[in-house]
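In: generate coordinates for the sequence data below:
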Amino acid sequence: MVIPSLILCPVLIGRTHDRDSLFHLLDELDNEHGKTLLISGEAGIGKSRLLNEAKTHAKQSATLVLQGNCFEQDYALPYAPLIDLLRGYFAKLSPETIAQICGTSGPELITLLPELAAVLQYPVSTTHAPDQEKRRCFYALLQFFIRLSSEEPLVIVIEDLHWSDDTSLEFLLHFARQITSYPILLVLTYRTDEAHPTLQYFLGGLDRQRLALEFPLSRLSMDETKEMIGAIFNQARPVSAEFVDLIFRLTEGNPFFTEEILKSLITTGDIVFEEANWDRKPTMELHIPRSIQDSVQRRMDGLNEDIQRIITLAAVIGQRFDFTLLRDLTGQTDAELVPIIKALINAQLVVQISSEQFAFRHALTRQAIYTSLLKREQAVLHQSIAVTIERLHVHSLDSYLAELAYHFYAAGNWERALHYCWRAGERASQLYALQSAIDNFTQALEAARQLELPPPLSLLRERGLIYEARGDFERARFDHELVLQTTQGSNDRVAEWQALLDLGMLWASRDYTQSGEYYEQALLVAHTINDPLLIARSLNRLGNWYANVGKAVEGLQAHNTALELFQAQDDKQGVAATLDLLGMANGIYGDILSSVKHFRQAIALFRELDDPQALSWSLTAAAVYATPSWAETTASPLGKLAEAERNREEALGLVHKIGSLADEAYAEWTGATVCLGFGEFGRALRHAQRSLDVATEIEHPQWTAAAYFSLGQVYLTLLAPEQAIQAFEAGLPLAHRIGSAWWIGNFTAYLALAFVQHNDPRRAEAVLKQTIQPDALPRNSSERRMIWVWGELYLLQGNAEAALNIAEQLMASIPGEAIMQPIPTLLKLKGEALMALHRMSEAQQALEDAQRSAIERQHQPLIWQVNLTLGHLHQALKHDADAQREYAMARTTVQSLAETIDDLTLQEGFLAVALQSIPKEKPLSARRAEAELFDGLTSRERQVATHITDGKSNHEIAETLFLSERTVETHVRNILSKLSFTSRAQIAVWAVSKGLAKTEF
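Out: Here you go, the predicted model:
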């Protein structure tokens, strides 16, 4: 028997199913169906070991394997694991090969790896805005990997994702979406017990889009632990149950812990190799270490002082360390340091990554060594490391901002920590790595506190804005209020104005009363400063506030004044922002055509200015106001589903890049509104629920209310009024809480409408009366909705005259320029009121207009209801055929809409209620059935069609059937009309298909 030099399990235990499944995924790569795989579990559970099996299998099948690793100190370094991957890959290639492989991606790859500049010889690239630079990097990385996969299947491994920076996670999510048509397998590992919020969001994105498979690794059972111990010691004699129990209780089935404990026992002599077998001391004499700290320390005790000093210094550097940095820190030569590194590798503390880089075998090992130091010892070493990095990379410090910030902060060198943490935060912010920016800014502020300096106001504001983007209201509020308090005690009026504006915008999501107070104060300060641009920006915020509290006209006036000021100063950014706000204010007012026009102008300008966040807002709003469901009582821009979906998808893509959860909730709510208006019920429900989940997670009252509103709308359209009422009643208090008159009006209208659908006029009337009276003059779109619902309520109560008056008044007062566009919802109300008043001719005209305009708007949920009402009208007029036709169209539309519903219970409920409201189809007479079989053609028309198939002219047909030639001409015109044909040849083909004639014509 050979005594093992390395205490590692030689076989994979307890992972057979996972390994085989992974092998199967690798074998399928040639089919060009890319996939993403997650391997998850606690530290030491065996993720890397399973991955090593997979990498070995992949390499045997001529598959390219690239690996990048995340390290704890790199969490604030954008693209860290991808840089690690690229650096490791390029290190093996010649300059010529690198240049060939990089292709057109070279300039962006140089941004990530500055050292490539000497190899690729590209001209200095143009500097782009940070968000644009990120998009370019994403595209370049994607194309680079696709190019590699065109030569051979590609496996990309990213280990320890729990230490990844935000930007890398964002790219990986984008990458996972794109690789499904390429022979690429993306394998990601992470610790489940260290999944921070950013990683959870990333994992949620994979789950929501069904982009990944996951292999969650669990701890080994006691039997598996026994098998593992037996495999390590490779002896015939079984391992005693007592010993297995002792090891299992200590390690709880964690493979790494098990190996570490066994190494420790061998090192201390508690386990010895005697007489061709491994044996142990009596159990009572075993002092098994109770933590990895003790295990690592025991192994370190076997190393000489020089080696211990080196491994300790390496642990302070981080999970991965450079040979050159370690050599400079120790002052040793290569000849002196190399044997020490070899000793550490043999001791299984360190592994070699490349000729220049090494890493600890496991993060727990490094952590155990690091925490064994006194805090003072740690600080001294961090200081030495930071100074050395500054000296070694004096001409490329920007590439080492994260490392310098980490080490100077840990060293307690507060002056340098303030400098580098602030710069690292700004860099992360520019790359939209929001959590990394927050962490660095927080450390910079702590450094300032340690230096007994007042917190830098610009730093506080930057952090506050990022907190706001992340949906952390209270922390954002703290930062902005601290800025305001500080500026009010100084003479910096511009900073005071900015703080007031920031607080107003922050509160706009929670309390419009509070928001308005801040905006009014900001406007006063702007006038005091007498700066037209500051006045314009203040007017814009105040204008938006006016629109949301029910004063849309005042809001429009404020925005138009702001627009004039920005145009006079030739401020494109200000003009674009004002056009966006004019779009919103007009939409709230009810002038939807002007709203969409302004949003389109804003979108064009934001594209030109390359402002992704503002662009996402305009795209989202434009999608909302282009939908039929948001123009019930107003003119519609007659938008198309495809255009609205494109806008929303682009906006959501931008939001994901930025990392703003509040904007994501908004974009998902938009998806619900768009899909509902065009009859995509299942998707509408999914978007609304996703919006609610995100908004609730970040405690955003406005988007939580909006999500409840959309959920209620969906349920109401699905004829589920009880569920709709629950959603509306959940959201209405939130609308009151934030003080938004617009949202209060919307909720009031639709909650009352739900009570109308539920046949509960008493509660509907009570809800409406709390907010608006039926004779009120509506000032905006939400008030128009409430007045419209008063009309629906009057109809239910039997007051058709009042309902008719409301419909006509609303149609006569459509906001915006005078137009002749029919409003289907109001025409339906008018038609139903006229029917109740027995004014059938007028009712038919109104309902037919409603039908045409609903079809023109593609408002599918309304179309079938108009068909149904028209059917009732024709039935009342004894026009049975017309009634049956309308009822049939209503059934067809209902069944088509039902097919979009994913939830079987909701689908069945909708079908049951909708179809029950449509009179059953009458049995066809024999004559009618025959006509239906032949697409409505009468017996005589079928005879004419048969003779047309024979090639006869009208004159010949007339002679054959003993008819006048004019009568035959009439029959031919009727045939062409009924069949929607344009030629006699089409009639001939149809006749053959129906068996009326033979094919020999």
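In: pull the number of nearby residues for the residue lying closest to residue 856 once chain neighbours are set aside.
Out: In space, and not counting its chain neighbours, residue 856 is closest to residue 638: 6.4 Å by CB to CB, 6 or more residues apart in numbering. All C-beta atoms are positioned from the backbone trio N, CA, C, and that covers glycine. By the criterion of other CB atoms under 10 Å, residue 638 has 15 neighbours.
In: three-state assignment of residue 638?
Out: Under the three-state scheme (DSSP: H, G, I helix; E, B strand; the rest coil), residue 638 adopts coil.
In: which pLDDT does the model give it?
Out: Looking at residue 638, its pLDDT is 87.
In: next: the one 10 residues further on.
Out: What the model reports as pLDDT for residue 648 is 87.
In: that one: how many residues sit nearby?
Out: For residue 648, using other CB under 10 Å, the count is 25.
In: my read is that the residue nearest to residue 856 contacts residue 857, right?
Out: Yes. Assessed by CB atoms under 8 Å, residue 638 is found in contact with residue 857 at 6.2 Å.
In: so residue 152: helix, strand or coil?
Out: Assignment for residue 152 (three-state DSSP): coil.
In: let's number from 337 now, not from 1
Out: Noted, 337 is the first residue going forward, which turns the last one into residue 488.
In: state the distance from residue 736 to residue 782.
Out: 21 Å (CB to CB, to the nearest Å).
In: more neighbours, these two?
Out: Neighbour totals were compared for residue 736 and residue 782, and residue 736 leads with 19 against 16 (other CB under 10 Å).
In: please write out the alpha-carbon positions of stretch 531-544 in PDB.
Out: What follows is stretch 531-544, C-alpha atoms only, in PDB (Å, rounded to 0.1, in the frame of the first residue of the first chain):
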ATOM      1  CA  ALA A 531     -25.700  34.800  -1.300                       C
ATOM      2  CA  HIS A 532     -25.800  38.600  -0.900                       C
ATOM      3  CA  PRO A 533     -28.800  40.700  -2.200                       C
ATOM      4  CA  THR A 534     -27.100  41.500  -5.500                       C
ATOM      5  CA  LEU A 535     -26.400  37.800  -6.200                       C
ATOM      6  CA  GLN A 536     -29.900  36.900  -5.100                       C
ATOM      7  CA  TYR A 537     -31.200  39.400  -7.700                       C
ATOM      8  CA  PHE A 538     -29.000  37.800 -10.300                       C
ATOM      9  CA  LEU A 539     -30.200  34.300  -9.400                       C
ATOM     10  CA  GLY A 540     -33.800  35.600  -9.500                       C
ATOM     11  CA  GLY A 541     -33.200  37.000 -13.000                       C
ATOM     12  CA  LEU A 542     -32.000  33.500 -14.200                       C
ATOM     13  CA  ASP A 543     -35.000  31.900 -12.500                       C
ATOM     14  CA  ARG A 544     -37.600  34.400 -13.900                       C
END
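In: tell me how far that stretch lies from the chain's centre.
Out: 10 Å (CA atoms, centre = their mean, to the nearest Å).
In: contact partners of it?
Out: Defining contact as CB atoms under 8 Å, 6 or more residues apart in numbering, one finds that stretch 531-544 is touched by 372, 374, 497-498, 500, 502, 505-506, 508-509, 512, 526, 547-548, 771, 992, 997, 1026.
In: the residues you listed in strands, which ones?
Out: Applying DSSP state E to these, the entries found in strands are 372, 374, 526, 548.
In: and the gap between the closest residue to residue 963 other than its chain neighbours and residue 750?
Out: Closest residue to residue 963 apart from its sequence neighbours, by CB to CB, 6+ apart: residue 1013 at 3.6 Å. Separation of residue 1013 from residue 750 (CB to CB) stands at 57 Å.
In: out of those two, which sits in the busier spot?
Out: For the pair residue 1013 and residue 750, the greater number of neighbours falls to residue 1013 (29 against 20), based on other CB under 10 Å.
In: how far away is that one from residue 599?
Out: For residue 1013, the distance to residue 599 (CB to CB) stands at 65 Å.
In: quick revisit: relative to residue 811, which of the ones in strands among the contacts of stretch 531-544 is nearest.
Out: When these are ranked by distance to residue 811 (CB to CB), residue 526 comes first, at 25.9 Å.
In: the closest one touches residue 379, doesn't it?
Out: No. Using CB under 8 Å, residue 526 makes no contact with residue 379, being 10.4 Å away.
In: now do the helices in the stretch 887-1036 of the chain.
Out: Taking DSSP state H, counting those that start in this stretch as the test, the helices found in the stretch 887-1036 of the chain are 888-904, 908-925, 928-945, 948-961, 977-994, 997-1013, 1017-1033.
In: ranking those by burial, who's on top?
Out: Each of the helices of the stretch 887-1036 of the chain was scored by mean neighbour count; the highest is helix 997-1013, a mean of 27, by mean count of other CB atoms under 10 Å.
In: now do that one: distance to the chain's middle.
Out: Chain-centre distance of helix 997-1013: 11 Å, with CA atoms, centre = their mean.
In: then stretch 910-926?
Out: Counting by CA atoms, centre = their mean, stretch 910-926 comes out at 25 Å from the chain centroid.
In: what's the following helix or strand after the helix or strand harbouring residue 1307?
Out: Assigned by DSSP states H and E, residue 1307 falls within helix 1301-1315. Next along the chain after helix 1301-1315, taking DSSP H and E as the criterion, comes helix 1320-1329.
In: give the buried residues for that next one.
Out: 1320, 1323, 1324, 1326, 1327, 1328 (16 or more other CB atoms under 10 Å).
In: how about stretch 580-598?
Out: Judged by neighbour count (16+ other CB under 10 Å), stretch 580-598 contains these buried residues: 580, 582-584, 586-587, 589-598.
In: so where is the stretch 487-636 of the chain shaky, pLDDT-wise?
Out: 529, 571-574, 576-578, 585-586, 604, 606, 608-635 (pLDDT under 70).
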